[in-house]
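Asker: Structure here, sequence nowhere to be found:
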Ligand code: UDP
Ligand code: MG
């Protein structure tokens with residue numbers, strides 16, 4: 001079943017499939033079996049790059065075993081959990097393919113789409129966004145919050161986000177190089193960059209399957225934090241809120257001043273007005289200070305310039321070196337290509 005490395009396919013093209021893995025021991029074997037079957041039927045060569053994002057279960061040993069059996073399986077093992085996005089970025093950094101596909105390890109992104117993706121690459125497309133038509137696993141709350149998020153971000157940012165675009169996407173080597181060199185923000189939204197770098201772009205639709213095994217690693221809390229960061233990264237609108245809040249409260253203040261001027265004969269009264277005004281002004285002030293705080297936190301994170309990920313060791317990377325240790329730090333092999 002395993003394709004020999006020496007046996008090149010006639011197109012001479014290479015497809016890199018990047019898979020982020022976090023505690024997926026129950027899904028990995030199924031994923032590997034199904035995906036390699038599809039990949040072997042393609043006209044392109046392939047490499048299957050698994051990024052182990054600090055899994056605490058048996059995922060790493062399964063991956064190491066797969067990499068021993070199959071030379072097209074490569075493993076990047078992080079020193080700890082850095083998150084799904086960091087794992088995709090590492091995968092992009094290490095990919096050598098003419099086309100690169102990012103997908104999840106839980107089979108929610110159907111491997112049979114890979115042949116359509118390769119066809120799009122052959123037609124000259126450079127960015128292929130996979131749009132979900134159905135998500136069997138997402139509940140009502142996840143669907144509603146996701147719609148609200150996309151509505152808001154499209155309303156207040158300059159760029160457009162495809163509402164049902166997923167972490168399932170494909171880009172060619174040129175686009176990957178742009179992402180490697182110019183989009184190294186620490187607080188980021190990779191899907192957003194992919195949709196907004198330009199180049200020849202197309203979308204394909206797919207039906208998300210239910211998770212093959214295990215549980216979703218994204219809690220609502222994680223999703224909320226992720227959405228706030230994305231909005232702040234792609235829009236300065238919240239920062240400008242201070243000006244609007246200021247104008248609104250100034251207008252209200254003047255109205256109250258005028259009112260007080262005309263009703264001062266019957267004083268003392270106006271207790272309710274004072275309480276209302278103080279509460280309102282402070283609420284406004286704290287919201288604005290909070291928003292500024294969020295932006296400062298992002299600036300601080302960027303300024304520290306810590307690595308996006310740290311690789312502890314790799315398997316089948318660097319042409320033939322079976323398993324190697326890499327010094328810490330986010331070495332970016334892609335940059336040297
Ligand atoms: N994942 C990861 N690091 C994390 C969380 C998730 O690499 O910190 C991987 C996970 O193993 C899966 C993919 O990212 O392959 C998507 O995660 P999940 O299926 O839990 O998210 P959902 O599909 O529920 O949004
Ligand atoms: Mg999933």
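Answerer: Arrived safely. Quantities reported herein were computed from a predicted structural model and do not represent experimental measurements. Residues are numbered from 1 along each chain as shown. Ligands and ions are numbered 1, 2, ... in the order given.
Asker: Just give the number of residues close to residue 211.
Answerer: Residue 211 has 18 neighbours, counted by other C-beta atoms under 10 Å. Using the backbone N, CA and C atoms, a C-beta is placed for each residue, glycine as well.
Asker: quick one: pLDDT of it?
Answerer: At residue 211, the model reports a pLDDT of 77.
Asker: Repeat that for residue 40.
Answerer: On the pLDDT scale, residue 40 gets 91.
Asker: And stretch 232-251, what's buried?
Answerer: By neighbour count with 16 or more other C-beta atoms under 10 Å, stretch 232-251 contains the buried residues 232-235, 237-238, 241-242, 245, 249.
Asker: for stretch 105-114, same thing?
Answerer: Quick answer for stretch 105-114 (16+ other C-beta under 10 Å): 105-111, 113-114.
Asker: The helix or strand where residue 233 lies and ligand 2, are they touching?
Answerer: Element membership for residue 233, per DSSP states H and E: helix 220-234. No: Helix 220-234 lies out of reach of ligand 2 by C-beta under 5 Å from the ion, never closer than 12.3 Å.
Asker: what's the average pLDDT for that helix?
Answerer: 79.
Asker: So what sits opposite residue 20 in the bridge?
Answerer: residue 51, residue 104 (DSSP bridges).
Asker: Tell me which residues touch it, please.
Answerer: Residues counted as contacts of residue 20 (C-beta atoms under 8 Å, 6 or more residues apart in numbering) are 51, 53, 84, 87-88, 91, 102, 104-105.
Asker: need those in TSV with distance to ligand 1 and pLDDT, can you?
Answerer: Listed next are the contacts of residue 20 as TSV, based on distance: C-beta to the nearest ligand atom, whole Å; pLDDT from 0 to 100:
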residue	distance to ligand 1	pLDDT
51	7	96
53	4	93
84	4	90
87	4	93
88	8	92
91	10	92
102	10	94
104	4	92
105	4	91
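Asker: Sort out which residues of the helix holding residue 233 are buried, please.
Answerer: Across helix 220-234, burial judged by 16+ other C-beta under 10 Å covers 223, 226-227, 229-234.
Asker: any idea of the pLDDT on the nearest residue to residue 98 once chain neighbours are set aside?
Answerer: Sequence neighbours aside, residue 13 is the residue nearest to residue 98 in space, at 4.7 Å (criterion: C-beta to C-beta, 6 or more residues apart in numbering). Note for residue 13: predicted pLDDT of 89.
Asker: now do residue 264
Answerer: 68.
Asker: Then residue 328?
Answerer: Value for residue 328, per-residue pLDDT: 42.
Asker: what does residue 55 give?
Answerer: At residue 55, the model reports a pLDDT of 93.
Asker: quick revisit: near ligand 1, from the buried residues of helix 220-234?
Answerer: When C-beta under 6 Å from any ligand atom is applied, no member of those is adjacent to ligand 1.
Asker: May I see these arranged in JSON lines, with distance to residue 181 as well?
Answerer: Below are the buried residues of helix 220-234 laid out as JSON lines (distance: C-beta to C-beta, whole Å):
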{"residue": "223", "distance to residue 181": "29"}
{"residue": "226", "distance to residue 181": "24"}
{"residue": "227", "distance to residue 181": "27"}
{"residue": "229", "distance to residue 181": "22"}
{"residue": "230", "distance to residue 181": "21"}
{"residue": "231", "distance to residue 181": "25"}
{"residue": "232", "distance to residue 181": "23"}
{"residue": "233", "distance to residue 181": "18"}
{"residue": "234", "distance to residue 181": "20"}
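Asker: Of those residues, which is the nearest to residue 147?
Answerer: residue 227 (11.9 Å; C-beta to C-beta).
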